[in-house]
Structure formats: structure tokens, C-alpha cells
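# Following is a predicted model, sequence given first.
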Amino acid sequence: MARSRPDKLKARPAGFRDRPGFTMLELLVAVGLLVVIITVALTSINHDLPETRLKDAARDVFNNIQSAKLGAIKDNSNYAIIFNTAGQSYSVVSGCLQNATGGTTLRTVNLTTVYKGSVFYGISGHSQISVSGTPMVQMTNLVFRPDGTVLQSGAVYLANVKNGAYAVIVPSLSGGASIFRWKGTAWASY
């Protein structure tokens with residue numbers, strides 16, 4: 001004789017343990033863990049945000065310098081980047097004269113608005129970067145000739161509220177640019 005199998009479809013009494021879902025305690029523990037994880041993540045993001053904005057600002061200055069150099073070569077005319085340290089901004093200008101006047105402003109970057117007030121011009125009390133023993137001074141204008149060379153070399157110093165600093169330098173009249181970062185005691189190539 002065959003054994004009878006229990007019928008799985010047979011109705012069971014509805015007990016507390018047989019109901020689907022989560023208990024209130026399980027939900028509270030899950031929500032508590034989620035709050036802790038979000039708090040740790042936001043704290044980390046807020047701590048790193050000024051350094052990230054400073055790094056982005058240095059890269060943007062570098063990219064705009066490269067763009068101005070290439071634009072001067074491509075358009076066979078002078079291009080300038082005019083640094084307004086008092087106004088915490090800089091502009092990229094095409095078709096200007098060698099003294100950086102005239103021309104058409106292609107873009108203006110305001111450090112205060114773009115980087116939420118955490119990036120500004122200056123070296124934040126650090127020494128100036130030097131090339132071959134000569135300190136690189138803060139530039140006010142950087143004019144590229146149609147052959148891609150510049151009229152003068154110099155540096156753009158950017159700092160943040162956490163005492164970090166970057167320097168974007170054009171060390172020679174050839175017009176090549178480099179980024180350096182303040183490493184606590186000295187400048188290091190980025």
C-alpha cells in the first residue's frame with residue numbers, strides 16, 4: 001500500500017510565524033543601519049569636498065590654458081587668459097592685442113560661484129613655486145601668440161579653505177603648462 005503524502009496545499013492555521021513580511025524590530029534595525037551608513041558617507045563627502053573643488057579648479061585652469069594655446073594656433077591670432085584676482089575670476093579672450101586688450105570674451109569663470117566659495121587665488125601662506133631658482137609670480141594675463149608661445153611666463157596659485165594649494169605654471173615662453181600641488185612642505189608635480 002502506498003504511503004500518503006501530506007498535502008502541501010492543505011490550509012494551515014494562520015499563525016504569527018506564518019505571515020509574510022518583517023517585524024517592527026527588523027524594520028527599525030534596517031532603518032538604523034541605513035541612517036548610520038548615510039551619516040558616514042555624508043561626513044566623508046563634506047570632508048573631501050574642498051580638496052575636490054580645488055583640484056577641479058586647477059584642472060579647469062590648466063584645460064583653459066591648453067584651449068587658449070590651441071585656439072591661438074588654430075585661429076592664427078592672439079588668445080589671452082586674463083586673471084582677475086580681485087574679482088576671483090578669469091576670462092578666456094580670442095583675437096586680443098598683445099597687451100590682452102580687445103578681442104572677444106569666450107568664457108568667464110568665477111571661482112566663487114563655480115566652486116561654491118571654497119577656492120580662491122593665492123598660495124595660502126605657502127612659498128611660491130620656483131623654476132631654476134626663480135620664484136614664479138602670480139600672473140594677471142597670459143597671452144598666447146599665433147605660434148603658441150607666450151609673452152611672459154608665470155603661475156596661477158589657487159588655494160582652498162583647508163589650507164590646500166595648487167599652482168598651474170607656464171614656466172617658459174614655449175607656452176607649455178604644468179600643475180603642481182602643495183604637499184605640506186614643498187610643491188610636487190601633480
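That came through fine.
# Contacts only, for the residue nearest the centre of the chain.
With distances taken as C-alpha atoms, centre = their mean, the residue of the chain nearest its centroid is residue 56 (1.6 Å). Counting by C-beta atoms under 8 Å, 6 or more residues apart in numbering, residue 56 makes contact with residue 115. For every residue, glycine as well, the C-beta is placed using N, CA and C.
# Check it and give its pLDDT.
Per-residue confidence (pLDDT) for residue 56: 95.
# Let me know the helix or strand that residue 62 is in.
Using DSSP states H and E, residue 62 maps to helix 24-75.
# can you check residue 96 too?
Counting by DSSP H and E, no helix or strand carries residue 96.
# which stretches of the protein have low pLDDT?
Along the chain, the parts satisfying pLDDT under 70 run over 1-19, 45-47.
# And the nearest residue to residue 107 once chain neighbours are set aside, how far from residue 176?
Leaving aside its chain neighbours, residue 107 sits nearest to residue 92 (5.1 Å; criterion: C-beta to C-beta, 6 or more residues apart in numbering). According to C-beta to C-beta, to the nearest Å, residue 92 and residue 176 sit 18 Å apart.
# which one of the two has more residues nearby?
Higher neighbour count among residue 92 and residue 176: residue 92, with 21 against 16, using other C-beta atoms under 10 Å.
# The more buried one touches residue 64, doesn't it?
Yes - between residue 92 and residue 64 a contact is recorded at 5.5 Å, counting by C-beta atoms under 8 Å.
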